[in-house]
Structures are given as structure tokens and as C-alpha cells.
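J.: Based on what follows, work out the 3D shape:
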Amino acid sequence: MPDYVLAAEGIGKSFGNTEVLKSASIWAAPGRITTLMGRNGSGKTTLLRIAVGDLRPDYGSLHFKGIASDRHSLSALSRSGLCYVPQRGITAPHFTVWDHFTGMRRSYDLDDPEASIETARLGDVLDQRVLELSGGERSRVSFGLVHYRSPAVLIADEPLVGLAPKDRDPLFQIFRDLASSGSAVVTSGHDAVDLLRLSDAVIWSVAGTTHHIGTPADALNHLQFKREYLGPGVSLG
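T.: Got it, this is the predicted structure:
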């Protein structure tokens, strides 16, 4: 699969008698931001958790860097260049923001984190513990750390939930910086206008399956997607 660094295809998953996914797919392409859009309960988080090895599928195929598997290991993928950011983030509440950056610097033998701290707008909170921060600030810490690590693949589950515009702007810059440097970025959510403006490709999660819609322009011209998900009047103007 030369065009994708990470792929989960034909995925099925049930919890008890509840079928959550049936033949759902997601792909992560280097240098592109792909967004999985869909209503709450459509299976987005379950699909992403399976793609990164945090949950085992009932069936389907998984690929990472050209290697096929019936089950991914999150720890193994992380060591090979994947970064997964769930909705709760990747920070530890009792450590300071600076502790997080110095810890990552030691773990990955990185250079000075100043550029990532500036991009995430964290200069004023470096000495604060994460538990003292607002939700938006905590999110900026998580993605500032991702920016600093610059992974081959970023999977971010609903990163915009509850964020004010001032907190969204740094995240958008981080995602664009990563894609520009060759990272494969996958996000999810239902903040249609902001995500369409951010994305290179859109996948629609609906009724436990997925549809590859194409570019944001394609999404705005997709009659079923507009009728059943976007609604009238949505534009990028």
C-alpha cells in the first residue's frame, strides 16, 4: 500500500449484540490531513482506536508502513513513529508543562523545544502544572508535544471538542506544520466548517461504515453528504 503509511480497511466491531462498525475504513497519507467526519455514535472513535492498536477488531485488515497485520499494537506503532492523541489528551496532571517537554526531549533525543512551545502558544504557562490549566491550554500542551516530536503519523480523536477559537488556531497550525513536513495526519469530529477548511481529504462515518468523500470541495458538492450530514448553507467562504 504505497500511498498510505497507516490503513485500516473493511473493519468490523461489535460490543455484545451491538454492531458498531461494519466494513469501515480509514487511511493516513503522508503530507495530507484526512478528517473522519460523522455524528456522535457513528463509530469514529472505535475505528481510530482499532487503527492505532488500542482496540482489537472482529475482522478487517490493518497496515502500517507496508506491513499487514490482523491486529496492531499501540506501543509498537508508537515506537515506530505513530502518535495517538485521544480526547483526554496525552498529559500528566501533576507535572508542569516544562516537565513534559524536557521528558520528551530526553525520550526522543530532540533539539530545543522553543519553536514548538511558541507554535502552541505555551510560553506563559511553562511553570504551571497541567491540572492548573484550562481545557484549551491542556489541549495546546498535548499538541505542542506532538509538534515537538514530529511523528510519522498523528491520529487525533476529536481534537476540537470544547475548544474556543483562540485555542483552535494553534492546533490548526500544528496540523499544517506536521503535514507540510511529511507527516500523515488524521483527525475526527463534527465541527464541519473548521474541519473542512483544515482538511485535504474527508471520510464520512455513518451507520457503522465509511465513505471516502474526497476533497473538501467534493464534500460540499456531495448531495447525500450535504443532505444527511452538513445541512444547508455550509460553505468555506
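J.: Could I get the phi/psi values of Gly136?
T.: Dihedral pair for Gly136: phi -70, psi -40, per degrees, to the nearest 10.
J.: If you count contacts, what does the lowest-mean-pLDDT helix or strand in the chain end up packed against?
T.: Every helix and strand in the chain was compared by mean pLDDT, DSSP states H and E; the lowest is strand 67-69, with a mean of 88. Packing partners of strand 67-69 (3 or more C-beta pairs under 8 Å, 6 or more residues apart in numbering; DSSP states H and E): strand 59-64. Placement of C-beta: from N, CA and C, glycine included.
J.: Provide a list of residue ranges in this structure with pLDDT below threshold.
T.: 1-2, 237 (pLDDT under 70).
J.: how does it look with 50?
T.: Within the chain, the stretches with pLDDT under 50 are 1-2.
J.: Nearest the middle, which residue of it would you pick?
T.: Nearest to the mean C-alpha position of the chain, by C-alpha atoms, centre = their mean, lies Ala156 at 1.9 Å.
J.: Correct me if wrong: Leu230 contacts Ala219.
T.: Yes: using C-beta atoms under 8 Å, Leu230 and Ala219 qualify as a contacting pair, with a distance of 7.4 Å.
J.: For those two, indicate the residue with more neighbours.
T.: Ala219 (25 against 18; other C-beta atoms under 10 Å).
J.: could you pull out the strands for this structure?
T.: 6-15, 18-28, 33-37, 59-64, 67-69, 82-85, 153-156, 184-189, 201-206, 209-214 (DSSP state E).
J.: so which of these comes closest to Asp127?
T.: Of all these, strand 82-85 sits nearest to Asp127, with 23.4 Å by C-beta to C-beta.
J.: what's the neighbour count on Gln224?
T.: For Gln224, the count of nearby residues is 11 (other C-beta under 10 Å).
J.: Show me how far the least confident helix or strand of the chain is from its chain's centre.
T.: Centroid separation for strand 67-69 versus its chain: 21 Å, with C-alpha atoms, centre = their mean, to the nearest Å.
J.: List of residues touching that strand?
T.: Here strand 67-69 makes contact (C-beta atoms under 8 Å, 6 or more residues apart in numbering) with Ser61, Leu62, His63.
J.: May I have the beta-bridge partners of Ala8?
T.: Beta-bridge partners recorded for Ala8 (DSSP bridges): Ile26, Leu62.
J.: Next: Ala184.
T.: Beta-bridge partners, per DSSP bridges, of Ala184: Val153.
J.: Verify the contact between it and Ala7 for me.
T.: No: in this structure, Ala184 is not within contact of Ala7 by C-beta under 8 Å, at 10.1 Å.
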